[in-house]
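S.K.: 3D, please:
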Amino acid sequence: MENFVAYNPVKVHFGKEIVANLGKTIKDYGKKVLLVYGKGSVKKNGSYNDVIQQLEKFGMEITEFSGIKANPRVDDVQKAIDIGIDKNIEMVIALGGGSVIDSAKIIALCIPSNLDPWKVMKMKAFTRSSLPLITILTLAATGSEMNAAAVLQNRETGEKIGYFNPLAYPKHSFLDPVYTYSVSSEYTAFGIVDLIAHAFESFFVDGEANLSDRFVQSVILEAMRYAIPVLKEPENYDNRANIMWAATCALNGMTSYGRAGSGDWGVHDIGHTLSFLYDTPHGASLSIAYPAWLKLQKDRIPDRIKRLAKLMFNSNSCDDFIIKLETFFRQINAPVRLSEINIDKSQKQEIINLMVKNKVNGYFQKLSTDDLEQIVELMY
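M.R.: The predicted structure follows:
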């Protein structure tokens, strides 16, 4: 087992009508609030009204910034930063899923010193402070509500990249499973894929950590246990609650303690390429990329893959593991081939070129240009 530091300062408030505690929880952080959200689903699921009522009840001055996209863009973040500075914002509230929360993290980091968000993402500008960040989750997927990571894309540079800063941990995160009732079956499935992929990423890291292996196993099996039920009964509270908590636990540190790092992230880099080029939903990019990556790696790290096969399916075969994983993804209607999302082989070189340009790689399972070409072929 590798040395590690276990640290997570996020206070999670979980359960029905938990947002009723929002106002009294955050009242001491300031009065001027920037409320960040997406394109309007929050006004359909009831979360927007609940949050506004709380903020008004406690006399908050509310500035809204809406329109955050599913694959969030740095230019939207810059617009929000400009508004936040102009309005002397004291606190940022993210109402939505991972894209909204990721955007809000960078917004909160950049407002105090008026920093360029892309320079922050590229580690060319640094901050020593952040505005308090509060999150209200409406989509179970990324775990961003309980970690300090963010992902943004830049259309000008052709990049979609990740960033980590301990200052980006939310102060409080409110998780009411009822707010996810209206999430479509498609995006519910993509969220389940995403949380499983997060657990996978931490599993394929150097270092032996048996308890972390068991945490990975538990998170994935929990997701698989409730996947079909939540798709069949989207307004069943227990189904939604169990998926939501599994997604949070998949990327809050507990699956990686004792390893040499928090994750490999090579597959996520592959997925980011698809999302950037074709606006592919993040979970869909991962259900396509992970089986292909496993096929490439099965002769390189067979013991590690067999360990996961044993934990998940009581199997000792790499091939059997990959087949069963693809079968599960198909059961929840997540794509496993590029052709299933209308990306044909004429676009193959475009994908390879962008992956090579952006140096797509894993932190531990390194990928050469030949490997990337093989993976793209395996995704068809």
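
S.K.: and the closest residue in space to R330 that isn't next to it in sequence, what does it touch?
M.R.: Excluding the flanking residues, the one nearest R330 by Cβ to Cβ, 6 or more residues apart in numbering is V336, at 6.3 Å. C-beta here means a position set from N, CA and C on the backbone, and glycine is covered the same way. Under the criterion of Cβ atoms under 8 Å, 6 or more residues apart in numbering, the neighbours of V336 are S287, I288, P291, E326, F329, R330.

S.K.: any idea how far I68 is from V336?
M.R.: From V336 across to I68, the span is 28 Å (Cβ to Cβ, to the nearest Å).

S.K.: kindly report the same for G362.
M.R.: G362 is 28 Å from I68, by Cβ to Cβ.

S.K.: of the two, which one has the most company?
M.R.: Between G362 and I68, I68 has the larger neighbour count (other Cβ atoms under 10 Å), namely 26 against 21.

S.K.: who's in contact with that one?
M.R.: I68 sits next to V36, Y37, G38, K39, D76, G96, S99, V100, S103 when contact means Cβ under 8 Å, 6+ apart.

S.K.: check which helices and strands whichever helix or strand the first one is part of sits against.
M.R.: What it means is V36. Element membership of V36 [criterion: DSSP states H and E] is strand 32-37. Strand 32-37 sits against helix 47-57, strand 61-65, helix 74-86, strand 91-96, helix 98-110, with contacts defined as 3 or more Cβ pairs under 8 Å, 6 or more residues apart in numbering; DSSP states H and E.

S.K.: hmm, who's touching the helix or strand just after that strand?
M.R.: The helix or strand immediately downstream of strand 32-37 is helix 41-44, counting by DSSP H and E. Contact partners of helix 41-44, identified using Cβ under 8 Å, 6+ apart, comprise Y48, N49, L95, G96, T138, S182.

S.K.: once you drop chain neighbours, what's closest to the third one?
M.R.: Okay, so that is L95. Nearest one to L95, counting by Cβ to Cβ, 6+ apart, is Y37 at 4.4 Å.

S.K.: list the contacts for C249?
M.R.: Applying Cβ under 8 Å, 6+ apart, the residues contacting C249 are G143, F215, V219, T255.

S.K.: how about TSV for the helices and strands packed on strand 32-37, with distance to Q297 added?
M.R.: Converted to TSV, those look like this (distance: least, Cβ to Cβ, whole Å):
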stretch	distance to Q297
helix 47-57	40
strand 61-65	41
helix 74-86	32
strand 91-96	34
helix 98-110	26
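
S.K.: got CSV for those, with mean pLDDT, distance to N21 and mean neighbour count too?
M.R.: CSV is the format used below for those (pLDDT from 0 to 100; distance: least, Cβ to Cβ, whole Å; neighbours: other Cβ atoms under 10 Å):
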stretch, mean pLDDT, distance to N21, mean neighbour count
helix 47-57, 98, 8, 18
strand 61-65, 98, 18, 17
helix 74-86, 98, 25, 19
strand 91-96, 98, 14, 28
helix 98-110, 98, 19, 28
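
S.K.: of all those, which one comes closest to E2?
M.R.: Closest approach to E2 among those (Cβ to Cβ): helix 98-110, 26.8 Å.

S.K.: from the contacts of I68, which is closest to L133?
M.R.: V36 (9.6 Å).

S.K.: my guess is that closest one meets A80, correct?
M.R.: Yes - counting by Cβ atoms under 8 Å, V36 touches A80, with 6.2 Å between them.

S.K.: identify the contacts common to those two.
M.R.: Common neighbours of V36 and A80 are listed as F65, S103, I107 (criterion: Cβ under 8 Å, 6+ apart).

S.K.: what's the closest non-adjacent residue to the first one?
M.R.: Distance criterion Cβ to Cβ, 6+ apart; nearest residue to F65, sequence neighbours excluded, is A80 at 4.5 Å.

S.K.: contact partners for A227?
M.R.: Per Cβ under 8 Å, 6+ apart, neighbours of A227: A189, I192, I243, F328, Q331, I332.

S.K.: please identify which helix or strand holds it.
M.R.: helix 210-232.

S.K.: next, the angle from whichever helix or strand comes after that helix to helix 210-232.
M.R.: Per DSSP H and E, the first helix or strand lying C-terminal to helix 210-232 is helix 237-249. Interaxial angle of helix 237-249 relative to helix 210-232 (axes from the mean of the first three to the mean of the last three Cα atoms, to 10 degrees): 140 degrees.

S.K.: what is the subsequent helix or strand relative to helix 237-249?
M.R.: helix 266-278.

S.K.: for that next one, name the packing helices and strands.
M.R.: Partner elements for helix 266-278 (3+ Cβ pairs under 8 Å, 6+ apart): strand 149-154, strand 159-164, helix 185-203, helix 282-297, helix 348-357.

S.K.: adding neighbour count and distance to I322, write the contacts of C249 out as JSON lines.
M.R.: Compiled in JSON lines, these are given as follows (neighbours: other Cβ atoms under 10 Å; distance: Cβ to Cβ, whole Å):
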{"residue": "G143", "neighbour count": "25", "distance to I322": "24"}
{"residue": "F215", "neighbour count": "21", "distance to I322": "22"}
{"residue": "V219", "neighbour count": "25", "distance to I322": "19"}
{"residue": "T255", "neighbour count": "30", "distance to I322": "21"}
